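1. return atomic coordinates for the entry below.
(chains A and B)
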Protein chains: 2
Amino acid sequence: MKIGILGTGVVGNTVGSKLVQLGHEVKMGSRTADNEKGKEFAKANGSKASHGTFADVAKFGEVIFNCTSGGVALNVLQMAGTANMEGKILIDVSNPLDFSKGMPPILVPSLSNTTSVGEAIQKAFPEVKVVKTFNTMNTNLMVDPSLLKGEHDNFICGNDEEAKTKVKEMLAWFGWKPGTIIDLGDITGSRGMEMILPLWIRLWGVYQSPNFNFRIVR
Amino acid sequence: MKIGILGTGVVGNTVGSKLVQLGHEVKMGSRTADNEKGKEFAKANGSKASHGTFADVAKFGEVIFNCTSGGVALNVLQMAGTANMEGKILIDVSNPLDFSKGMPPILVPSLSNTTSVGEAIQKAFPEVKVVKTFNTMNTNLMVDPSLLKGEHDNFICGNDEEAKTKVKEMLAWFGWKPGTIIDLGDITGSRGMEMILPLWIRLWGVYQSPNFNFRIVR
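-> Residues are numbered from 1 along each chain as shown, chains lettered A, B, ... in the order given. Model (predicted):
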């Protein structure tokens, strides 16, 4: 499958590299076509990896991952272009973390509590099938849940059932079993998924490691 | 031990009744001394149970539980009276849920993201030893974690180490083992503990039951 990755950070690199290893064609995008990190990604991942602008990536991908920061996601998607994403699945893994006031980060007030990045994207781009997942854990666990002993969970939500079914199939590529994927319903589920971040960051501090995840015990 | 319970709702009743069963003297408080729910609690729980005003309860309790809603907690504690609580442990189990805009509730904006109920109480009442715990689960699980199969976790935070140690001993009364109590450090840990509520409420809807809890898998 042709997959687009918006963002050149750790998340984009980890997810993108894993998708190339799994045999997919992956294009990583940034604001400019000659971004150094984009070039490095393409160079490091061989012939199935490439890079370009956000618009190039949106045009290229059959499925698109938003791996940019939540606070800039709407702006990035404007650059990606509505026409390039129409009818496609956009997997939003972002969080609206605001580090401008120092540590710990707060959530961008206009993107939390009464809304969320997932909801804001879906509202701004109604022709895109937004599916939120992966935002509640460290990147290494997204692409390999077996790194932790014992079962742990990944949340998912979105308005389009067919799109969610497709994304659940993609989650299985990374090793996520059905019993560890919790479907929170429509895209408003993003709110809770993003608001868990302050606890996640706190736990990182307590454990001095991001290698943990949530499990819902029933 | 003499224990005060601020609030006459389900949480106050469940925690208060359990403490009476465990052999403690429990006084439940509300705005007025003749509150019907307070009377019912006292009547239902025998000679070790009593009721009174918030101030009566604060005076009575060696340890005090805040089982009121987070949005009114500061007001309640003003009524309870600083002098009555000085040097005592206040266990805050509240959440700043705001149902005024309909369902699902949001968090009271002035008590979330950049602060929390736990932090606000500690700031307003520096002479009280605030310990936050229990707010991330349904009431029945607070007083009996064995209701769920498999281990699940309870968070705790607070500025006073001695007070936290004491509260951890009290958590053991209810069946909470050391390996299931996660100490998040000082009272600013309340922020993440309270911001998990939107996800908790969403999960309640998904499962059509509040009988679940979080486990941190490492």
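2. look at A:N75 and give its secondary structure.
-> helix (DSSP: H, G, I helix; E, B strand; the rest coil).
3. tell me how far it lies from chain B.
-> Here A:N75 is placed at a distance of 22 Å from chain B (Cβ to the nearest Cβ, to the nearest Å). For glycine as for every other residue, the C-beta is placed from the backbone atoms N, C-alpha and C.
4. how many residues are close by that residue?
-> A:N75: 12 surrounding residues under other Cβ atoms under 10 Å in any protein chain shown.
5. kindly report the same for the one 3 residues further on.
-> As a burial measure, the neighbour count of A:Q78 was computed by other Cβ under 10 Å and equals 12.
6. again, but for A:K39
-> Count around A:K39 with other Cβ under 10 Å applied: 16.
7. which strand or helix spans it?
-> Element membership for A:K39, per DSSP states H and E: helix A:36-44.
8. so where do the helices sit in chain A?
-> A:10-21, A:36-44, A:54-60, A:73-80, A:82-85, A:117-124, A:139-142, A:161-173, A:190-195, A:197-207 (DSSP state H).
9. could you single out the most deeply buried of those?
-> Highest mean neighbour count among the helices of chain A (mean count of other Cβ atoms under 10 Å in any protein chain shown): helix A:190-195, with a mean of 28.
10. output the helices of chain A as JSON lines; include the columns mean pLDDT.
-> Converted to JSON lines, the helices of chain A look like this (pLDDT from 0 to 100):
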{"stretch": "helix A:10-21", "mean pLDDT": "98"}
{"stretch": "helix A:36-44", "mean pLDDT": "98"}
{"stretch": "helix A:54-60", "mean pLDDT": "98"}
{"stretch": "helix A:73-80", "mean pLDDT": "98"}
{"stretch": "helix A:82-85", "mean pLDDT": "98"}
{"stretch": "helix A:117-124", "mean pLDDT": "98"}
{"stretch": "helix A:139-142", "mean pLDDT": "98"}
{"stretch": "helix A:161-173", "mean pLDDT": "98"}
{"stretch": "helix A:190-195", "mean pLDDT": "98"}
{"stretch": "helix A:197-207", "mean pLDDT": "98"}
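11. for B:I216, find the nearest of the ones you listed.
-> The closest of the helices of chain A to B:I216 is helix A:197-207. By Cβ to Cβ, the value is 6.3 Å.
12. okay, the spatially closest residue to A:N138 that is not a sequence neighbour: pLDDT?
-> Counting by Cβ to Cβ, 6 or more residues apart in numbering or on different chains, A:N138 lies nearest to A:P210, which is 3.8 Å off, once chain neighbours are set aside. Looking at A:P210, its pLDDT is 98.
13. how many other residues sit next to A:P210?
-> A:P210: 15 neighbours (other Cβ under 10 Å).
14. how much space separates it from A:M103?
-> 15 Å (Cβ to Cβ, to the nearest Å).
15. ends of stretch A:125-145, what's the gap?
-> End-to-end distance for stretch A:125-145: 31 Å, by Cα to Cα, to the nearest Å.
16. roughly how far out does that stretch sit from the chain middle?
-> Centre-to-centre, stretch A:125-145 and its host chain are 4 Å apart (Cα atoms, centre = their mean, to the nearest Å).
17. touching, A:A73 and A:S94? I think so.
-> Yes: judged on Cβ atoms under 8 Å, A:A73 makes contact with A:S94 at a distance of 5.2 Å.
18. what sits in contact with each of the two?
-> A:66, A:117 (Cβ atoms under 8 Å, 6 or more residues apart in numbering or on different chains).
19. need the contact list for A:E161.
-> A:E161 makes no contacts at all, as judged by Cβ under 8 Å, 6+ apart.
20. distance of it relative to chain B?
-> As judged by Cβ to the nearest Cβ, A:E161 and chain B stand 15 Å apart.
21. what number of residues lie near A:M1?
-> A:M1 has 13 neighbours, counted by other Cβ under 10 Å.
22. pretty sure it contacts A:F65?
-> No: assessed by Cβ under 8 Å, A:M1 is found out of contact with A:F65, at 11.9 Å.
23. and A:T68, what does it touch?
-> Here A:T68 is in contact with A:6-7, A:9, A:12, A:76, A:94 (criterion: Cβ under 8 Å, 6+ apart).
24. residues in contact with the residue nearest to it when sequence neighbours are not counted?
-> When the adjacent residues along the chain are set aside, A:T68 lies closest to A:G7, with 4.0 Å between them (Cβ to Cβ, 6+ apart). By Cβ under 8 Å, 6+ apart, A:G7 lies in contact with A:28-30, A:65-69, A:76.
25. equivalent analysis for A:I3, please.
-> Neighbour list for A:I3: A:16, A:19, A:24-27, A:61-65 [criterion: Cβ under 8 Å, 6+ apart].
26. quickly note the distance from the residue nearest the centre of chain A to A:P210.
-> Residue closest to the average C-alpha location in chain A (Cα atoms, centre = their mean): A:V93, at 2.1 Å. As judged by Cβ to Cβ, A:V93 and A:P210 stand 15 Å apart.
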